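# I would like to see how this sequence folds:
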Amino acid sequence: MKTVIAMGVMIVGVLFLAGCCSVCPGSPKPVVKRIQMVTGIKPEKIAYYKELHAHPWPAVTKMIQDCHIRNFSISLKQIEGKYYLFGYFEYVGTDLDADMKRMAADPETQRWWKETDPCQSPLPDAASKGKVWDNMDEVYFLK
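As a prediction, this is how the structure comes out:
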């Protein structure tokens, strides 16, 4: 009987620790990181870009979620005759660089980007770094 009780206590302990490893001392704790970004979009590609995003590929959506991205949105705005895309997402993982590299290495995501990238017109700062989107600085957040 003591063996059964001891095993039960051990199993409960293991299950408890497995469920709380993110709050154990020394474990990285995910903190929501808000990411804002901007890029231009070619006027003649807006309809196609909207159509792509109206029906995103399931594997791409899954990869975004698997890389700890939540609340991802892209907005379109015309300013002085030019069109811009503004993106926002929340990162809830512990290693943004590793997750972004994982996403960039995914063949289906690469295929998606081959559709979306030609629609976009990177701003000069992003283009000089070989990027399509340029990160923006957050200046205010109301929690």
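
# so who does the closest residue to residue 99 other than its chain neighbours touch?
Taking Cβ to Cβ, 6 or more residues apart in numbering as the measure, residue 99 lies nearest to residue 67, with 4.0 Å between them; neighbours along the chain are not counted. Bear in mind the C-beta positions are built from the backbone N, C-alpha and C, glycine included. Neighbour list for residue 67: 93, 99-100, 102-103 [criterion: Cβ atoms under 8 Å, 6 or more residues apart in numbering].

# for the nearest residue to residue 40 once chain neighbours are set aside, phi and psi?
Distance criterion Cβ to Cβ, 6+ apart; nearest residue to residue 40, sequence neighbours excluded, is residue 121 at 3.5 Å. Main-chain torsions, residue 121, degrees, to the nearest 10: phi -130, psi 90.

# repeat for the one 10 residues further on
When quoted as degrees, to the nearest 10, the phi and psi of residue 131 stand at phi -110, psi 160.

# what separates the residue positioned nearest the centre of the chain from residue 33, distance-wise?
Among the residues of the chain, the smallest C-alpha distance to the mean C-alpha position (Cα atoms, centre = their mean) belongs to residue 69, namely 3.4 Å. When Cβ to Cβ, to the nearest Å is the yardstick, residue 69 and residue 33 sit 10 Å from each other.

# likewise residue 44?
Using Cβ to Cβ, we find residue 44 at a distance of 34 Å from residue 33.

# show me what contacts residue 33?
Applying Cβ under 8 Å, 6+ apart to residue 33 gives the contacts 90-92, 96.
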